[in-house]
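**Student:** Next come a sequence and a model predicted from it.
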Amino acid sequence: MSGPARAICCTWTQAATRASCGPATASPATAHSVTATGCEPKHGSGTTSRHAIVDDHTRLAYVELHNDEKAATVTDFVERALAFYAEHGIIAKRLMTDNGFSYVKNRSLAELLASRGIRHLTTEPYRPRTNGKVERFHQTMAREWAYGLAYRSHRHRNAALPHWLDNYNRRRPHSSIGDQPPISRVHNAHG
């Protein structure tokens with residue numbers, strides 16, 4: 001099944017994992033882009049990087065948690081995300097990222113995007129509004145999943161992500177798309 005070509009927005013944020021599950025650094029991200037920001041972890045605290053991609057039209061989101069943001073991790077994540085969107089009939093033609101090293105200097109990511117005919121765009125430096133849809137997704141994810149509930153540990157919080165993401169994509173109404181969940185726009189992708 002081949003769907004409409006569209007832009008997807010990809011971001012990652014890095015937050016120090018703490019037993020108290022303290023607040024994460026907000027990631028400036030926008031529609032059609034990948035944005036990378038983070039905070040420096042305290043010695044011995046470890047980190048969890050949240051990698052996320054949001055389809056510009058439907059707002060359908062794909063998120064994975066990893067211990068790093070190395071080039072191989074980012075490339076593998078983007079490849080799995082593209083497969084996820086293809087399963088829903090969404091074929092990406094543009095991917096916007098910030099100017100983070102893991103995106104702009106990543107040869108394996110450049111090869112992956114070139115092999116699929118996906119144009120790699122970057123956000124304008126210090127202009128998070130360029131990637132507003134992903135920025136909004138990160139705010140929602142932080143408010144409703146990461147810090148909206150009390151978790152026993154970061155492991156419990158991480159285990160809750162798939163359930164929250166399924167709810168976000170399939171049931172949670174979005175005012176920007178007529179109080180419908182993102183999946184409702186996937187089925188109407190051809191207009």
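**Tutor:** Looks like it arrived, so ask away.
**Student:** so Asn169 touches Gln180, yeah?
**Tutor:** No. Counting by C-beta atoms under 8 Å, Asn169 stays clear of Gln180, with 11.5 Å between them. In this view, the C-beta of every residue, glycine as well, is placed from N, C-alpha and C.
**Student:** And those two? Which one has more around it.
**Tutor:** With neighbours defined as other C-beta atoms under 10 Å, Asn169 and Gln180 compare such that Asn169 has more, 19 against 16.
**Student:** need the contact list for the more buried one.
**Tutor:** Contact partners of Asn169, counting by C-beta atoms under 8 Å, 6 or more residues apart in numbering, are 60-61, 181-183.
**Student:** and the residue nearest the centre of the chain, bridged to which residues?
**Tutor:** With distances taken as C-alpha atoms, centre = their mean, Ala52 lies nearest the centre of the chain, 1.5 Å away. Under the criterion DSSP bridges, Ala52 forms beta bridges with Thr11, Val63.
**Student:** any chance you could map the helices in this structure?
**Tutor:** Along the chain, counting by DSSP state H, helices occupy 71-87, 101-104, 107-115, 132-141, 154-170, 182-186.
**Student:** Pick the most deeply packed of those.
**Tutor:** Most buried of those, by mean neighbour count (mean count of other C-beta atoms under 10 Å): helix 132-141, with a mean of 21.
**Student:** where in this protein is pLDDT low?
**Tutor:** Counting by pLDDT under 70, the chain shows low-confidence ranges at 1-47, 187-191.
**Student:** give me that answer again for 50
**Tutor:** Scanning the chain for pLDDT under 50 picks out 1-5, 13-45, 189, 191.
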